[in-house]
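Q: give me the fold of what follows.
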Amino acid sequence: MERSGRTGRKWFAVFAWAVLAYNIPVILWGAYVRVSFSGDGCGAHWPFCAGQVLPQHMATPMLIEFTHRMMTSVDTIATIALCVWAFRAFPKRHAVRGYVLWSLVFLLMEAFIGARLVQLRHVAHDQSASRAVWFSAHLTNTMLLLGALTMTAWLAQTDTKRVRWENVSRTFATSLFVTIVVSITGAIAALGDTLFPAASLAEGMQQDFAVGSSLLLRLRMFHPALAILGAAYLLWVAAGTLKRQDHAATRTAGIRVMVLIVLQVLAGAVNLSLMAPVPMQLFHLLVADALWIAVVTMVMETSVTQGVRTPKFAAV
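A: Take a look at the predicted model:
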C-alpha cells in the first residue's frame, strides 16, 4: 500500500512538471497576442469570443486571440485535475496541497486580469498608463503562478512535507524579489518596444528622452540597467551554492541559474541591438521564465539544507 502511494506521488510529480511546462507556451502565445496586436481580436467580449462560443469565419487577429483562450482553458482543466489529484495523493497539511491550491488561485487571477485587460480595451495599440499598471500586475501574477507550480512539482518530487523557510537566508529570499522586479521592467520595456518601434538604437533613445514622450518610454529606459544589476546579484547569490560540497542538488540548482543568467543577458543584448524583433522578444521571454523557475528551485533546495554558505551579509 505504501509502495503504491509512493508510485502515485511519483506520477503526480511528473504531471505537475508537465503542467508547469505547458504554461510556458501559453505565456509565449500570450506574448505573441501582444506583439501581433491581436488582443482585441475577440472584441471586448470575455470569456466568449465576439460573443460566440465558437466564432465562425475568424480573421487572423481573432484566430490568434481565440487560440490563446483555448490554450488557457486547457491549462485551467489541467490545474484543476492537478489540484484534485494532490488532495487524493497527499495527506492533510502536506505542503503540496497548499501550493497546488495557490496555483489554482493564481490561475484564476490570471484569467481575471486578462479579462479586465480585454474589457478595458488595454490591448492592441492602447498606449495608456493604466495599461502599463494592469500589464505589470498580469506579469507579476504569471510569475507567482509559475512559482507556485514549481514549488508544487518540486515538493512532490523530493517528497518534502513542508518548505523550511527558516533555512532560507535573506540573500536567497531577496533573489526572488529581484527576479520579479527585473521581469516587470522587462515586460514594460517589451510593451514599449511593441507600441513605439524604432529603426535604430539612436532613434529609440531619442524616443525615450523626448519631451512629452509616453510613460512607457520613460520606464523602458530603466530595464537595461536594472537587468545588469539584477543579473550581477543573482550570479553572486548562485555562486554561493558552489561552496556547498555535501549537497549536489543545491550546487546543480545554482549552476543552472548561472547558465541561464548568462544566456538571458546575451539574449537581452541581441534583442536590444536588433531593435526587438518578435522572435527575439519571445526567446528573451522564454529564457526569463526558465530563469525564474530555476531561481525558485534554487531557493527551495536551500530550504532543505542547514548551514548553506552564503555571502556574509546574508545573516544580517
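Q: show me where pLDDT drops low in the stretch 1-150 of the chain?
A: 1-5 (pLDDT under 70).
Q: now the helices for it?
A: 2-35, 60-89, 95-119, 129-158 (DSSP state H, counting those that start in this stretch).
Q: tell me which of the ones you listed sits most buried.
A: Most buried of the helices of the stretch 1-150 of the chain, by mean neighbour count (mean count of other Cβ atoms under 10 Å): helix 129-158, with a mean of 21. Heads up, the C-betas are built off the backbone N, CA and C, glycines and all.
Q: what about residue 283, distance to residue 21?
A: 17 Å (Cβ to Cβ, to the nearest Å).
Q: now the helices of the stretch 1-150 of the chain as JSON lines including distance to residue 228?
A: Shown next, in JSON lines, are the helices of the stretch 1-150 of the chain (distance: least, Cβ to Cβ, whole Å):
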{"stretch": "helix 2-35", "distance to residue 228": "23"}
{"stretch": "helix 60-89", "distance to residue 228": "32"}
{"stretch": "helix 95-119", "distance to residue 228": "29"}
{"stretch": "helix 129-158", "distance to residue 228": "20"}
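Q: residue 179: which of those is closest?
A: helix 129-158 (7.8 Å; Cβ to Cβ).
Q: after the closest one, next one along is what?
A: Sequence order places helix 170-195 as the next helix or strand after helix 129-158, per DSSP states H and E.
Q: now for that following helix, which elements pack on it?
A: Helices and strands touching helix 170-195, by 3 or more Cβ pairs under 8 Å, 6 or more residues apart in numbering; DSSP states H and E, are helix 2-35, helix 129-158, helix 215-220, helix 222-240, helix 278-303.
Q: of all these, which lies closest to residue 269?
A: Judging the helices and strands packed on helix 170-195 by Cβ to Cβ, what sits closest to residue 269 is helix 222-240, at 9.0 Å.
Q: send the alpha carbons of that closest one over as PDB?
A: Extracted as PDB, the C-alpha positions of helix 222-240 are listed here (Å, rounded to 0.1, in the frame of the first residue of the first chain):
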ATOM      1  CA  PHE A 222      15.400  51.600 -16.800                       C
ATOM      2  CA  HIS A 223      15.200  48.000 -17.800                       C
ATOM      3  CA  PRO A 224      18.800  47.500 -19.200                       C
ATOM      4  CA  ALA A 225      20.500  49.000 -16.100                       C
ATOM      5  CA  LEU A 226      18.200  47.100 -13.700                       C
ATOM      6  CA  ALA A 227      18.700  43.900 -15.700                       C
ATOM      7  CA  ILE A 228      22.500  44.100 -15.400                       C
ATOM      8  CA  LEU A 229      22.400  44.900 -11.700                       C
ATOM      9  CA  GLY A 230      19.900  42.100 -11.100                       C
ATOM     10  CA  ALA A 231      22.000  39.600 -13.100                       C
ATOM     11  CA  ALA A 232      25.100  40.500 -11.100                       C
ATOM     12  CA  TYR A 233      23.200  40.000  -7.800                       C
ATOM     13  CA  LEU A 234      21.800  36.600  -8.900                       C
ATOM     14  CA  LEU A 235      25.200  35.500 -10.200                       C
ATOM     15  CA  TRP A 236      26.700  36.400  -6.800                       C
ATOM     16  CA  VAL A 237      24.000  34.500  -4.900                       C
ATOM     17  CA  ALA A 238      24.100  31.400  -7.100                       C
ATOM     18  CA  ALA A 239      27.900  31.300  -6.800                       C
ATOM     19  CA  GLY A 240      27.400  30.800  -3.100                       C
END
